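A.B. asks: Here's a sequence, model it:
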Amino acid sequence: MASTNTRTATNREVRRPHDTTIRYTISGPAGGPVLALVHGWGCNRTDFDAVTDHLPSHLRVLAVDLAEHGESRSARDVWTMEEFARDVAAVLDAESVESCVVAGHSLGGAVAVEVARLLPDVVSHVVALDALHYLGLFPAQDEVRTDAFLKPFHDDFAAATRAMVESGSPAGTDPALTNAYFEKMVAVRQPAGLRSIEGLVHWDMDAALRDVRQPITLFAVREILAQEAVDRYGDRIRIVPVDLGTHHFPVESPRGTADLLAGIVPE
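C.D. replies: Next up, the predicted model:
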C-alpha cells in the first residue's frame, strides 16, 4: 500500500514547436520505475501533488502540464489528443525514459492512450482515471452529435462547463466542491479550452484502441459508470469501479488513488 513520504520535487520544462513550453514536475529516484501523470481538461499538474506524496518512494514520478494548462504555454493551432500526446512524449524523451506507465485523468486518459500509441516500446500500461467510459464524449461522434455537444460551449461556455462538472458529480456531492471545480475549469485559457474540447469530441477512440497493444486499466466512478460502456469496452479495457468521490477523485482521495496506481506500476 502506498504511504505518505517526503519527496524532493524539481520543476523542469521542455520546448516544442510553435512557441510551446511544457512545464512538468519530477520526483523520486532516477533509477526507479516511472509513472507519468496527465491531468484533465481545465486542470493542471498540481492536481496530483497529494497523490504523488502517497506513492511509494521508489517510484520516479513525472507530472505534466498540458499545453496552455497550468504553467505550460503554447501558440499552436492544433489542439488534438495526438498533439497533447506529443507534449508528454517530449517530456519522456527529455528525461530519457525507457519504460513507464502513463496515467491520465479525464481528457488526460485520452492523451495517455495516444502516448501509448505513439511510444509502443516505452509505455507499458495505460491507466485511465475516470476517463474513456463517457460514451457521449470519448468515442468519435457523428457530425450531428458532435455539433449538439459543442453548441452549448460556443453559446455559453460557462454554463456548458458547469453542466459538465455537475454531470461528473454523483448525487449528494457537496455543492461547494462542485463549484470549486467549476471555477477552476471555466478559467481555462482560450482558445485552448474550447479547441481542446473540440479535439476530444473528434478523437477516434475506437481507432486508437485498435492500434494500442498495451493493457489499459480504467478506474471509473461507480455511480457514473454505465453498463453500456462496460458492454462496449469491457473486453478491451479492464474496468474497475471505485468509490473514491466524484469525477475528480484523485484530488478528493489522493491516498486511495495512489494505492490504485501503485498496484499497477511494476517494481
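A.B. asks: show me where the stretch 151-267 of the chain has helices.
C.D. replies: For the stretch 151-267 of the chain, the helices defined by DSSP state H, counting those that start in this stretch cover 157-167, 175-186, 192-202, 205-211, 227-233, 249-252, 254-262.
A.B. asks: of those helices, which approaches Glu114 most closely?
C.D. replies: For Glu114, the closest of the helices of the stretch 151-267 of the chain is helix 205-211, at 6.4 Å, according to CB to CB. In short, each C-beta sits where N, CA and C put it, glycine included.
A.B. asks: Output the helices of the stretch 151-267 of the chain in a markdown table; the columns should cover mean neighbour count.
C.D. replies: Listed next are the helices of the stretch 151-267 of the chain as a markdown table, based on neighbours: other CB atoms under 10 Å:
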| stretch | mean neighbour count |
| --- | --- |
| helix 157-167 | 17 |
| helix 175-186 | 15 |
| helix 192-202 | 20 |
| helix 205-211 | 15 |
| helix 227-233 | 14 |
| helix 249-252 | 22 |
| helix 254-262 | 21 |
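A.B. asks: wait, which of those is closest to Val38?
C.D. replies: Comparing the helices of the stretch 151-267 of the chain by CB to CB, helix 249-252 comes nearest, at 11.1 Å.
A.B. asks: what helices or strands is that closest one leaning on?
C.D. replies: On a contact count with 3 or more CB pairs under 8 Å, 6 or more residues apart in numbering; DSSP states H and E, helix 249-252 meets helix 254-262.
A.B. asks: Which strands or helices does the helix it packs on pack on?
C.D. replies: helix 49-54, strand 123-129, strand 238-242, helix 249-252.
A.B. asks: Contacts for that helix next, please.
C.D. replies: 1-2, 4, 35, 50-56, 59, 101, 103, 127, 129, 219, 240, 242, 244, 249-250 (CB atoms under 8 Å, 6 or more residues apart in numbering).
A.B. asks: any chance of the helices and strands packed on helix 254-262 in JSON lines, with mean pLDDT and distance to Ala208 too?
C.D. replies: Rendered in JSON lines, the data for the helices and strands packed on helix 254-262 read as follows (pLDDT from 0 to 100; distance: least, CB to CB, whole Å):
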{"stretch": "helix 49-54", "mean pLDDT": "96", "distance to Ala208": "25"}
{"stretch": "strand 123-129", "mean pLDDT": "98", "distance to Ala208": "10"}
{"stretch": "strand 238-242", "mean pLDDT": "98", "distance to Ala208": "17"}
{"stretch": "helix 249-252", "mean pLDDT": "97", "distance to Ala208": "22"}
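A.B. asks: Out of the ones you listed, which one sits most buried?
C.D. replies: Of all the helices and strands packed on helix 254-262, strand 123-129 has the most neighbours on average by mean count of other CB atoms under 10 Å, namely a mean of 26.
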